[in-house]
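[1] give me coordinates for this.
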Amino acid sequence: MGGDLDRAGPAFESRKDELEQGSTDSGVDDVIRIRHAEIFARVRPIGPVPAWPTRDCLPGSGIDITPPRIAAAARYRRAGLATPHYLATAAGSEILAKGGNAVDAIVAANLALGVVSPYLCGAGGDIFSIVWDGELHGYLGAGRAPAASTPEKVLAATTGTHIPRPYRSLDHGRKAPGLGPQSVTVPQAVEGWFTLLERWGTRSFGELATSAIRLARDGFEITPTGREVFAGSELIFGGFPAWRERYGGLGVGDVLRQPGLARLLELLSEEGPDAYYCGPVADAIVETVQTEGGFLTAEDLRGHAGEWCTPLRARYRDIEVAELPPPTQGVTALEILRIIDGFDLAGLDPVTRNHVMIEATKLALLDRDEHVSDPDHMHGTAESLLDAAAVDARRADIDPARASRADPGVTHRGGTAYLCATDGDGLLVSLIQSNFFGFGSGLHVTEWGINLHNRGASFALDPESVNVIAPGKRPMHTLIPAMALRDGEPWLVFGSMGGDAQAQIHPQVLAGRIDDGIEVQAAIHAPRWRVEPDDWSVRIEDRADSALVDGLTELGHTVRRSRPFDSGMGHAHAIEITANGYAVAVDPRSEGASTGL
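    The predicted model follows:
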């Protein structure tokens with residue numbers, strides 16, 4: 001197949017750059033292949049890029065940017081904050097310096113991050129958090145599918161040659177489309193910000209949004225890394241006129257201004273979240289989606305609601321790890337940890353150690369695909385996957401001398417932002433916020449500067465799948481902020497972006513810190529791998545020892561090398577609670593920064 005993209009709606013135009021959908025219809029993750037070699041000559045690798053829906057095709061896949069050799073966390077006595085962009089960290093730092101608490105600072109940073117990293121998060125996405133204020137609290141800001149979104153209706157609306165390729169259902173009609181109007185669920189981020197502030201905040205939304213409004217209105221300078229991300233995104237979203245008008249053609253040193261987003265944040269400061277879900281913003285969102293053939297209505301937005309929850313907990317060595325319950329994949333990270341807890345990782349050779357971790361990851365991802373979704377639609381409980389007998393059985397499935405073979409799993413790639421914050425009163429916040437595939441669905445609400453997420457791309461259309469779309473249903477979410485406790489007290493606030501890799505990164509970072517005893521920044525800095533569920537291959541950073549790569553290959557793993565500090569391996573950040581304060585670690589794969597007091 002080939003040729004220009006089909007056109008069926010005003011938001012998507014045909015493009016000169018020929019994009020192809022693979023014959024397997026495997027998803028946005030793999031369908032876009034760049035046919036013009038001159039694109040690579042024009043867009044030179046400059047810096048690390050986020051985990052986009054394409055595995056290998058984006059510019060920058062061969063970049064080698066080496067962070068400092070000494071990997072050590074920054075130490076602060078009274079407060080700490082880490083984000084994946086230095087301007088967002090600066091916004092949160094300003095709030096901490098003025099006496100704001102950890103929730104104030106992280107909301108201010110998240111608002112700024114949505115301006116300076118619109119390819120990661122923003123007001124059109126979802127939000128999840130774990131907060132410690134003497135006990136653990138979980139918040140699930142997972143948007144729901146429109147009330148009209150039955151599998152039959154979505155399939156009918158996304159099938160046929162008259163439908164633009166990015167809007168079509170995938171995997172021969174078994175999976176929801178990756179982009180376009182049917183991938184949009186109700187965005188929960190705005191409600192989430194106000195909900196967190198209502199419970200713990202000490203500053204007004206308007207005060208916390210000051211830096212974000214200034215950055216949106218006056219603009220900020222595009223860095224080499226930013227330019228690389230915008231250029232790569234243009235290969236995916238450049239066919240959407242509203243997106244292209246705002247973000248297309250940006251170069252290093254250009255100033256990006258987003259007046260619509262500034263107006264949105266000012267309106268939210270004055271009128272609160274109702275302006276988004278019930279007022280003029282809601283009207284613009286609905287019009288944008290429905291113009292393209294989507295089902296989202298004003299009633300869907302008015303009926304939005306996040307949810308407080310009790311985090312799941314599971315032991316790993318001498319700590320207890322807390323993750324969010326379904327619809328997130330938090331249980332997947334915990335299942336991996338419980339399986340590998342039965343191995344003496346520190347006593348194993350590197351090949352065997354990584355092999356058993358990879359095999360545990362495969363098993364947990366298979367369980368995720370079979371069992372995890374909106375808890376109102378699951379056939380069992382997340383806790384059953386962590387039952388001792390179930391974990392023992394899964395551990396026994398691992399052949400220490402051979403890689404397993406399994407049918408292809410379900411792939412969930414995307415772009416996400418993880419942030420963490422602590423303060424002098426011991427308030428700790430682990431927060432993750434996302435548009436999913438970078439800029440999300442491709443639908444940009446111009447008047448208000450909103451990139452509508454595409455979290456509905458996680459839904460299946462196969463009625464046999466636990467994650468099949470249904471009216472008002474929440475999709476399985478990859479977003480998993482986390483904390484770890486020791487002797488009942490917080491020890492580590494941590495998390496990462498990375499889609500499927502999030503549940504894989506948590507165990508790798510914890511194993512480095514606990515089993516190897518290395519410093520938390522060194523654990524984040526260390527070479528990483530990720531298992532790709534579509535074919536169960538292992539992608540590993542080129543910094544990894546060649547003997548490890550060769551050994552895994554000999555065991556039957558399909559191993560693919562990636563660039564040394566691959567953004568596709570996630571942006572993991574962490575704050576360790578120490579005897580004298582906080583040790584704050586930032587992932588060198590991002591352009592983030594830490595701050596503190």
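[2] can I get the one helix or strand Arg214 maps to in PDB, CA atoms only?
    Assessed by DSSP states H and E, Arg214 sits inside helix 210-218. What follows is helix 210-218, C-alpha atoms only, in PDB (Å, rounded to 0.1, in the frame of the first residue of the first chain):
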ATOM      1  CA  THR A 210       1.500  32.300  36.600                       C
ATOM      2  CA  SER A 211       4.600  30.900  35.100                       C
ATOM      3  CA  ALA A 212       2.700  28.700  32.700                       C
ATOM      4  CA  ILE A 213       0.600  31.600  31.500                       C
ATOM      5  CA  ARG A 214       3.700  33.700  30.900                       C
ATOM      6  CA  LEU A 215       5.400  30.900  29.000                       C
ATOM      7  CA  ALA A 216       2.400  30.400  26.900                       C
ATOM      8  CA  ARG A 217       1.700  34.100  26.200                       C
ATOM      9  CA  ASP A 218       5.300  35.400  25.800                       C
END
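[3] which strands and helices sit next to whichever strand or helix holds Ile95?
    Element membership of Ile95 [criterion: DSSP H and E] is helix 86-97. Helix 86-97 sits against strand 80-83, helix 102-116, helix 210-218, strand 415-422, strand 593-596, with contacts defined as 3 or more C-beta pairs under 8 Å, 6 or more residues apart in numbering; DSSP states H and E. (Glycine included, C-beta is placed from N, CA and C.)
[4] among those, which comes closest to Lys175?
    Of all the helices and strands packed on helix 86-97, it is strand 415-422 that lies closest to Lys175, at 19.2 Å by C-beta to C-beta.
[5] using CSV, write down the CA coordinates of that closest one.
    Extracted C-alpha coordinates of strand 415-422, given in CSV (Å, rounded to 0.1, in the frame of the first residue of the first chain):
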residue,chain,number,x,y,z
GLY,A,415,4.6,10.1,25.4
THR,A,416,4.0,11.0,29.1
ALA,A,417,5.4,13.2,31.8
TYR,A,418,6.3,12.0,35.3
LEU,A,419,7.0,14.5,38.2
CYS,A,420,7.6,14.1,41.9
ALA,A,421,7.8,16.5,44.8
THR,A,422,8.4,16.6,48.5
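[6] can you map out the strands along the stretch 201-350 of the chain?
    For the stretch 201-350 of the chain, the strands defined by DSSP state E, counting those that start in this stretch occupy 220-221, 255-256, 307-309, 312-316, 319-323.
[7] residues of the helix holding Ile95 that come out buried?
    Residues Tyr86, Leu87, Ala88, Thr89, Ala90, Ala91, Gly92, Ser93, Glu94, Ile95, Leu96 are the ones in helix 86-97 that count as buried (16 or more other C-beta atoms under 10 Å).
[8] just those now: which is nearest Gly80?
    Ranked by distance to Gly80 (C-beta to C-beta), those are led by Leu96 at 8.8 Å.
[9] just to check, the closest one is in contact with Thr595?
    Yes. The pair Leu96 / Thr595 is scored as a contact, 7.1 Å apart, by C-beta atoms under 8 Å.
[10] overlap in contacts of those two?
    Common contact partners of Leu96 and Thr595 (C-beta atoms under 8 Å, 6 or more residues apart in numbering): Leu81.
[11] please tell me how far the closest residue to Lys98 other than its chain neighbours sits from Ala189.
    In space, and not counting its chain neighbours, Lys98 is closest to Arg203: 8.0 Å by C-beta to C-beta, 6 or more residues apart in numbering. Distance, Arg203 to Ala189, by C-beta to C-beta, to the nearest Å: 18 Å.
[12] between those two, who's got more neighbours?
    Ala189 (26 against 20; other C-beta atoms under 10 Å).
[13] list the contacts of Asp443.
    Quick fix: residue 443 is Leu, not Asp. For Leu443, the contacting residues are Ala11, Gly180, Pro181, Val184, Phe240, Ala242, Thr288, Val289, Glu292, Asn451, Leu452, by C-beta under 8 Å, 6+ apart.
[14] can I get those residues in TSV with pLDDT?
    Formatted as TSV, those follow (pLDDT from 0 to 100):
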residue	pLDDT
Ala11	58
Gly180	97
Pro181	98
Val184	98
Phe240	96
Ala242	97
Thr288	98
Val289	98
Glu292	96
Asn451	98
Leu452	98
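[15] which one of those is nearest to Pro327?
    So of those, ranked by how close each gets to Pro327 (C-beta to C-beta), first place is Val184, at 16.8 Å.
[16] Asp300 is in contact with that closest one, correct?
    No. In this structure Val184 lies outside contact range of Asp300 using C-beta under 8 Å: 9.9 Å.
[17] any idea which helix or strand comes after the helix or strand hosting Glu152?
    If you go by DSSP H and E, Glu152 is part of helix 151-157. Counting by DSSP H and E, the next helix or strand C-terminal to helix 151-157 is helix 189-200.
[18] from the contact counts, what lies against that following helix?
    Helix 189-200 packs on helix 102-116, strand 126-132, strand 136-141, helix 205-208, helix 274-277, strand 428-436, going by 3+ C-beta pairs under 8 Å, 6+ apart.
[19] need the pLDDT of the residue nearest to Lys98.
    Arg203 is assigned a predicted lDDT (pLDDT) of 98.
[20] torsion angles phi and psi at it?
    phi -130, psi 160 (degrees, to the nearest 10).
[21] and it, how close does it get to Thr288?
    Distance from Arg203 to Thr288, counting by C-beta to C-beta: 31 Å.
[22] for the longest helix seen in the chain, list every residue counted as buried.
    Taking DSSP state H as the criterion, the chain has its longest helix at helix 350-371. Neighbour-count burial for helix 350-371 flags 351-371 (criterion: 16+ other C-beta under 10 Å).
[23] and the contacts of the following helix or strand past it?
    Later in the chain than helix 350-371, the nearest helix or strand by DSSP H and E is helix 382-385. Here helix 382-385 makes contact (C-beta under 8 Å, 6+ apart) with Leu312, Pro325, Pro326, Gly330, Val331, Glu335, Asp367, His371, Val372, Pro375, Ala390.
[24] who wins for most neighbours among these?
    The most crowded member of those, judged by other C-beta under 10 Å, is Gly330 (31 neighbours).
[25] look up phi and psi at Val531.
    Backbone dihedrals for Val531, given as degrees, to the nearest 10, come out at phi -90, psi 130.
[26] any idea how far it lies from Gln290?
    Val531 is 39 Å from Gln290, where distance means C-beta to C-beta.
[27] who has more neighbours, the two?
    Using other C-beta under 10 Å, the more surrounded residue of Val531 and Gln290 is Val531, with 23 against 14.
[28] residue contacts, the residue nearest to the spatial centre of the chain?
    Closest residue to the average C-alpha location of the chain: Thr416 at 3.0 Å, with C-alpha atoms, centre = their mean. Shown in contact with Thr416 (C-beta under 8 Å, 6+ apart): 120-121, 432-436, 478-479, 497-499, 502.
[29] so what's it bridging to?
    When bridges are called by DSSP bridges, Thr416 pairs up with Ser434.
[30] read off the pLDDT value for it.
    In this model, Thr416 is scored at 92, pLDDT.
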